[in-house]
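Asker: Predicted model and sequence below, questions to follow.
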Amino acid sequence: MPRNVTTIRGIVLASFAVVLVAACTPPMPPDVLAARAEAQVVCGAGEVKVSVPSGFAGSMDSVGVALGSVCPDETVLELPEAEPAPLALVDKTPAQADIDQFKISNCPSDPVVVVPAFGYPVTMAYNVVGLEGLVMTP
């Protein structure tokens with residue numbers, strides 16, 4: 001076999017091997033990388049008390065069960081709305097007066113941080129004969 005043919009075969013074979021190895025290790029898509037980053041939970045130890053209104057009763061218990069499966073040394077204790085706790089779940093956007101009252105009663109030495117707890121979009125589907133629209137008031 002002439003030397004040129006052997007060289008060309010070597011180059012083609014090396015290129016094919018590089019492409020084959022690159023095909024076996026695809027890069028991760030951004031959504032997979034984000035999901036992996038969100039899946040990492042820094043666990044603590046102890047009890048987290050959360051004040052919950054009656055309309056959300058049980059919601060923090062289910063969060064505590066889910067957290068307990070990942071962090072067995074950390075528990076979430078759901079308290080009635082009137083009891084003081086370092087965390088409070090409320091059923092409306094708090095006014096500045098509500099935030100000030102929470103600071104006085106529950107965390108006088110630390111700043112208050114307001115974060116929406118259940119700010120997820122919801123999709124509704126309905127099929128009613130004769131109904132042309134649906135108005136949902138806040």
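Answerer: Looks like it arrived, so ask away.
Asker: Stretch 65-75 - what's its average pLDDT?
Answerer: Throughout stretch 65-75, pLDDT has a mean value of 82.
Asker: what sits up against it?
Answerer: Residues from elsewhere that reach stretch 65-75, judged by CB atoms under 8 Å, 6 or more residues apart in numbering: 41, 43-48, 64, 76. C-beta coordinates here come from the backbone N, C-alpha and C atoms, glycine included.
Asker: Please pick the buried ones from the residues you listed.
Answerer: Buried residues within the contacts of stretch 65-75, defined by neighbour count using 16 or more other CB atoms under 10 Å: 48, 64, 76.
Asker: Got the phi and psi for the first one?
Answerer: Spelled out, that is residue 48. phi -110, psi 120 (degrees, to the nearest 10).
Asker: who are the neighbours in contact with it?
Answerer: Taking CB under 8 Å, 6+ apart, one finds 64, 74-77, 86-87 in contact with residue 48.
Asker: now do the last one
Answerer: Contact partners of residue 76, counting by CB under 8 Å, 6+ apart, are 47-48, 50, 60-61, 63-64, 67-68.
Asker: which one of the residues you listed sits closest to residue 100?
Answerer: Closest approach to residue 100 among the contacts of residue 76 (CB to CB): residue 50, at 20.0 Å.
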